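J.: For reference, the sequence and a predicted model appear below.
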Amino acid sequence: MPAEGPIQLDALELALAAALILFNGLISMAMSLGMERAIAVAAGRMVAQLLLVGLVLEWVFGLSHPAAVTGLGLLMAILAGREAVARQKVRFSGIYPLGWGIMVGSSFLVTGVALVGVVSPTPWYQPQYAIPMLGMVLGNTLNGIALGMDRALTGLRRERGYIELLLSLGATRREAIRDLARDAVRVGTTPIINGMSVAGVVSLPGMMTGQILSGTPPVEAVKYQIMIFFLIAAGTALGTVGAVLGSLRRLVDHRGRIRSERLRER
Amino acid sequence: LRALADLDPPAGGSVALRGRPAADYSAPEYRRAVAYQLPTPLLGTGTVSGLLERVGGLEGRGRAAEMEAGLRRLGLPEAVLGRTAADLSTGEALRVTLALLLSGHPDVLLLDEPTGPLDPQATTRVEAWIREQADAGAAVLWTSHDPAQAARMGDGLLYLEGGRLHGPETDPRKFSAIMERLDRSEEGSPHAG
């Protein structure tokens, strides 16, 4: 860490940045998009949520206790799982516990490996490392799970006839849902693959940019970003596979029958 | 039919094959023996030849070549193989489904309007193949709304009337009178077997 931190922002400067949101408002009015209210609410939520998180993080950083760090991590993962499920149009009973479980499992595993094996801060629970790394894994795994589950659940309905044709021809459950499961995992993991291919060319990843802003030498920031990309890719793959197979196992019984009575539209 | 095909749990009663409960057979084993033709065929997103390979790769199924012969037998031209499932007409997709099911030589055939969208020539080809399998010992349960077809193909007529299953009526000459009566009362769901 360099001796001098980044330039501090005071309230007046933030207010100036906030004034930029007026562009969104003006565009909405000029084009009669009717989004003024939504923009104001979203901007307000963003400010309030981030301030709140800032306070919680300060508090947890101050405690620097393994239970506090793990507890905050669990809370974050469960909220991410909830969000992944909230994006589903088609649901089934037990979908929330599945979302929470998969999210906690995949993100903790990947972050744990990186914490113990790669970064190795002492102590391991130093919140400066554990919390941001987990947060980045969660944000991306959430997308993968949401997309993969959506493909699996809507596909189960749309492609039911094809799955049942394969069953009628003597396919096992695994053979019958193979195409759908593959499609769903592909859909869920494509964004992160695309993200890796354009990293640094089309987009400067947020974390790297943040580290550079706070004074880290660019090459050091890049090394962290590379590690984070691999974490995210692994977390997304694990989470997506878990969520897709978990959902299909729940909805297709051991004889391959599609239990559509367990499905419900939101 | 869906319950007999083990695609839905039965609403009541039980399903047995050769005196053994359906649940005693592994699901693929049971369904290879009891083949069900879904009323609206969906063949996935690939080409027909891709589907044939996929099905040929399932355990206990014949090679793709045998199924190709089945397609020809039902009057589908070679060119169908290269087309994607979405490009097939309903009648073509139905014939592909039937060729896949029939080339597996099932013990029991569950057919749900297998010739509904077909022209008379294709209907004749389908009926001939089904007749051949029935003669070879397969049991056929066939839903139809065509009295002439029921009389032509059926040995017994089961029908739902007033919420109850009636039959089997085994005199084909009486089939059309029963089916026309059901048609008028619009409760008709006759099964010829």
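T.: Sure thing, it's come through. Here the structure is a predicted model, which is why all the values come from computation and not from measurement. Residues are numbered from 1 along each chain as shown, chains lettered A, B, ... in the order given.

J.: shaky segments in the stretch 1-150 of chain A?
T.: Per-residue confidence for the stretch 1-150 of chain A (pLDDT under 70) gives these ranges: A:1-5.

J.: Regarding the chain, what is its longest helix?
T.: Here I'm looking at chain A. Using DSSP state H to assign secondary structure, the helix with the most residues in chain A is helix A:218-251.

J.: you looked at the wrong chain, it should be chain B
T.: Assignment by DSSP H gives helix B:120-135 as the longest helix of chain B.

J.: Grab the CA positions of that helix and hand them over as PDB.
T.: Output in PDB follows, covering the C-alpha atoms of helix B:120-135 (Å, rounded to 0.1, in the frame of the first residue of the first chain):
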ATOM      1  CA  PRO B 120     -54.700 -41.900 -46.800                       C
ATOM      2  CA  GLN B 121     -51.600 -43.300 -48.400                       C
ATOM      3  CA  ALA B 122     -49.400 -42.700 -45.300                       C
ATOM      4  CA  THR B 123     -52.300 -44.000 -43.100                       C
ATOM      5  CA  THR B 124     -52.300 -47.300 -45.000                       C
ATOM      6  CA  ARG B 125     -48.500 -47.700 -44.500                       C
ATOM      7  CA  VAL B 126     -48.800 -47.000 -40.800                       C
ATOM      8  CA  GLU B 127     -51.700 -49.300 -40.400                       C
ATOM      9  CA  ALA B 128     -49.900 -52.100 -42.300                       C
ATOM     10  CA  TRP B 129     -46.900 -51.900 -40.000                       C
ATOM     11  CA  ILE B 130     -49.000 -51.800 -36.800                       C
ATOM     12  CA  ARG B 131     -51.000 -54.800 -38.100                       C
ATOM     13  CA  GLU B 132     -47.800 -56.700 -38.700                       C
ATOM     14  CA  GLN B 133     -46.600 -56.100 -35.200                       C
ATOM     15  CA  ALA B 134     -50.000 -57.000 -33.800                       C
ATOM     16  CA  ASP B 135     -49.900 -60.300 -35.800                       C
END
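
J.: next helix or strand past that helix?
T.: Towards the C-terminus, the helix or strand next in line after helix B:120-135, according to DSSP states H and E, is strand B:139-143.

J.: would you put the C-alpha positions of that next one in CSV?
T.: Presented in CSV, the C-alpha positions along strand B:139-143 are these (Å, rounded to 0.1, in the frame of the first residue of the first chain):
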residue,chain,number,x,y,z
ALA,B,139,-50.8,-55.7,-27.9
VAL,B,140,-52.0,-52.4,-29.3
LEU,B,141,-54.1,-49.8,-27.5
TRP,B,142,-55.2,-47.2,-30.0
THR,B,143,-57.3,-44.1,-29.5
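
J.: For chain B, what is the nearest residue in chain A?
T.: In chain A, the residue found nearest to chain B is residue A:161; the distance is 3.1 Å by CB to the nearest CB. For glycine as for every other residue, the C-beta is placed from the backbone atoms N, C-alpha and C.

J.: helix or strand for that residue, which one?
T.: Counting by DSSP H and E, the element that carries residue A:161 is helix A:160-168.

J.: Return the set of buried residues in the longest helix of chain B.
T.: The neighbour-count check on helix B:120-135 (16 or more other CB atoms under 10 Å in any protein chain shown) flags B:122-123, B:125-127, B:129-130, B:133-134 as buried.

J.: Surely the residue of chain A closest to chain B and residue B:41 touch.
T.: Yes. If you go by CB atoms under 8 Å, residue A:161 and residue B:41 touch, sitting 6.9 Å apart.

J.: what about those two, which has more around it?
T.: More neighbours sit around residue B:41 than around the other of residue A:161 and residue B:41, counting by other CB atoms under 10 Å in any protein chain shown; the figures are 22 against 16.

J.: Mind checking what secondary structure the more buried one has?
T.: With DSSP: H, G, I helix; E, B strand; the rest coil as the basis, residue B:41 sits in coil.

J.: who's in contact with the residue in chain B positioned nearest to chain A?
T.: Among residues of chain B, the one nearest chain A by CB to the nearest CB turns out to be residue B:42. It sits 3.1 Å away. Residues near residue B:42 by CB atoms under 8 Å, 6 or more residues apart in numbering or on different chains: A:159-162, A:165, B:85, B:93.

J.: Tell me the one among the residues you listed nearest to residue A:266.
T.: Using CB to CB, residue A:160 is the member of the contacts of residue B:42 that sits closest to residue A:266, with 19.0 Å.

J.: Report how many residues lie close to that closest one.
T.: Neighbourhood size, residue A:160 [other CB under 10 Å]: 16.

J.: now the farthest one out in chain A, which residue is it?
T.: Distance from the centre of chain A peaks at residue A:169, with 38.9 Å (CA atoms, centre = their mean).

J.: Check which helix or strand the residue nearest to that residue when sequence neighbours are not counted maps to.
T.: Leaving aside its chain neighbours, residue A:169 sits nearest to residue B:55 (5.3 Å; criterion: CB to CB, 6 or more residues apart in numbering or on different chains). Residue B:55 is located in helix B:48-56, with elements delineated by DSSP H and E.

J.: Please apply the same query to residue B:111.
T.: Residue-wise, residue B:111 maps onto strand B:108-112 under DSSP H and E.

J.: Wondering if that strand reaches chain A at all.
T.: No. Residues of strand B:108-112 are not located near chain A by CB under 8 Å from any CB of the partner chain, the shortest gap being 8.7 Å.

J.: Which parts of the chain are strands?
T.: In the absence of a named chain, chain A is used. Secondary structure of chain A by DSSP state E: the strands cover A:90-92, A:263-265.

J.: Hmm, no, I was thinking of chain B.
T.: Secondary structure of chain B by DSSP E: the strands cover B:16-17, B:20-21, B:34-37, B:108-112, B:139-143, B:157-161, B:164-169, B:191-192.

J.: Could you dump the ones you listed into JSON lines with mean pLDDT added?
T.: Compiled in JSON lines, the strands of chain B are given as follows (pLDDT from 0 to 100):
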{"stretch": "strand B:16-17", "mean pLDDT": "79"}
{"stretch": "strand B:20-21", "mean pLDDT": "80"}
{"stretch": "strand B:34-37", "mean pLDDT": "88"}
{"stretch": "strand B:108-112", "mean pLDDT": "88"}
{"stretch": "strand B:139-143", "mean pLDDT": "84"}
{"stretch": "strand B:157-161", "mean pLDDT": "77"}
{"stretch": "strand B:164-169", "mean pLDDT": "74"}
{"stretch": "strand B:191-192", "mean pLDDT": "57"}
